[in-house]
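**Q** this one's sequence-less:
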Ligand code: CMC
């Protein structure tokens, strides 16, 4: 760590403060303000964490200006082209790519943890038939701690690892059961002969009445989507998981908190919102009207799937997905899919518009993911659930990293109080 001087100035008050600076492997220097309050009696103010690093992490690196995303140092483009989701999950969780034997063993562990406790099935029946599957996910994942007491000692690294495996393995089973509850079909048990993604598709779309085999392109597309969504450093849901975990809460409760945060349309809910938006726009001739709405500050409408807190350049995941979208539509659906044509045209028009150019608003990962999910016959309300399945490994990797960090302490932001100054209580009859 190097020290730098910073000038703090308010009206007549001027002070030179010496603050240490953290030098990352990649990315901007970070001013370490942890002792600022103790030494100077000052807080820093940064709503939305615009310039604040909340932790040290070795999992994912993003350069938003250059459009770079790397998991454990490996570029996302290479992982997307070469790897399998389970391989990427191992990489995120353990820090290195697995060798053949490690991959086989990890794959077995995940496969053999996919079943749910039978009593958990009763939980699904308690939800209204048209409950949003994300509501079911929040509830059922949160309830897992009531079933797996044997691995809940968060101070035991082996327990933490078992919980991580259980979460990665059971998330598709819970997700598929949420869908089955929604459509009123019987829950399908996992099939240990299938890959992670093929198994998920089977649990969603098979019925006990007839054989089912997922289309290889559908499995390939899901594998790619899951790799691209597997982690994204300190986004809202991951930060939620970390903050919940910082109080020593159990990992199932932390993941339930992460799923709740992901649900919002500014985060994981955007993929569902993009499809709803494209449906509402309906036709290329109406794009201009919606571009105008997005630019109108009095109108709350935003172009969903556009813009990102970190990327001020193309989201590299959107580029990869645009190509997969084309392949999926050619192989599985109508290659002249009007939704895809509409999305391509919308992107083209927005990227020529000064408003979007000036603000560096580019398509993000969710702009094309919904169109692929739709071609796989996954309904809109399951899009964010798919994101949650893929992101589970990211969440647990960050939780594991945090739990083994010797500097870990409860997350407790400060505030800038703007309420009433001290005043005396006024009895009811005098107000
Ligand atoms: N449409 C129209 N204007 C936008 C959009 C948009 N999609 N996104 C940002 N802006 C404008 C915004 O109004 C502001 O303009 P001005 O400077 O004139 O006030 C400027 O761009 C900066 O926006 P911001 O809200 O300060 O940026 P942020 O970093 O706080 O928000 C965001 C990032 C992703 C929440 C936002 O871009 C957004 O709401 N996008 C649409 C939702 C979406 O696609 N979310 C998925 C994100 S990627 C997947 C994930 O991480 O979960």
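**A** Received, thanks. A quick note: this is a predicted structure, and the numbers were derived from the prediction, not measured.
**Q** Identify the residue of the stretch 201-350 of the chain closest to the ligand, quick one.
**A** residue 307 (2.4 Å; CB to the nearest ligand atom). (Glycine included, C-beta is placed from N, CA and C.)
**Q** what sits against that residue?
**A** 359, 361, 362, 364 (CB atoms under 8 Å, 6 or more residues apart in numbering).
**Q** Could you list which of those also contact the ligand?
**A** 359, 361, 364 (CB under 6 Å from any ligand atom).
**Q** quick one: which of those sit in helices?
**A** Secondary structure from DSSP state H places none of these in helices.
**Q** ok, and for the longest helix anywhere in the chain, which residues are buried?
**A** The longest helix of the chain (DSSP H) is helix 157-183. By neighbour count on 16 or more other CB atoms under 10 Å, the buried set for helix 157-183 is 159-182.
**Q** among the contacts of residue 307, which ones are buried?
**A** 361, 362, 364.
**Q** so what's residue 106 closest to, chain neighbours aside?
**A** residue 90 (4.9 Å; CB to CB, 6 or more residues apart in numbering).
**Q** who in the protein is up against the ligand?
**A** So far as CB under 6 Å from any ligand atom goes, the chain lies against the ligand at 232, 235, 266-268, 270, 294, 302-309, 359, 361, 364-366.
**Q** Need the buried ones from those residues selected in ChimeraX.
**A** Buried residues among those (16+ other CB under 10 Å), as a ChimeraX selection:
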select :232,235,267,268,270,294,302,303,304,305,306,307,308,361,364,365,366
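**Q** Let's have the ones next to the ligand among the contacts of residue 307 in CSV, adding pLDDT and distance to residue 413.
**A** Converted to CSV, those look like this (pLDDT from 0 to 100; distance: CB to CB, whole Å):
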residue, pLDDT, distance to residue 413
359, 94, 27
361, 94, 28
364, 90, 26
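**Q** Just give me the closest of these to residue 67.
**A** When those are ranked by distance to residue 67 (CB to CB), residue 364 comes first, at 11.0 Å.
**Q** can you pull the pLDDT of residue 276?
**A** With respect to pLDDT, residue 276 has a value of 91.
**Q** What of the one 4 residues further on?
**A** The predicted local distance difference test score for residue 280 is 93.
**Q** likewise the one 4 residues further on?
**A** In this prediction, residue 284 carries a pLDDT score of 92.
**Q** thinking again about what came up before, now, the residues of the chain next to the ligand that are in helices?
**A** Per DSSP H, these map to helices at 270, 294, 366.
**Q** Let me see the ranges of the strands in the stretch 101-250 of the chain.
**A** For the stretch 101-250 of the chain, no strands are identified by DSSP state E, counting those that start in this stretch.
**Q** what about the helices in it?
**A** 121-125, 133-143, 157-183, 196-205, 216-229, 236-246 (DSSP state H, counting those that start in this stretch).
**Q** ok, and what's touching the first one?
**A** Helix 121-125 is contacted from outside by 136, 139, 140, 143, 177, 178, 180, 181, 187, using CB under 8 Å, 6+ apart.
**Q** for those residues, which one is nearest residue 228?
**A** Distance ranking of the contacts of helix 121-125 against residue 228, using CB to CB, places residue 178 first at 22.2 Å.
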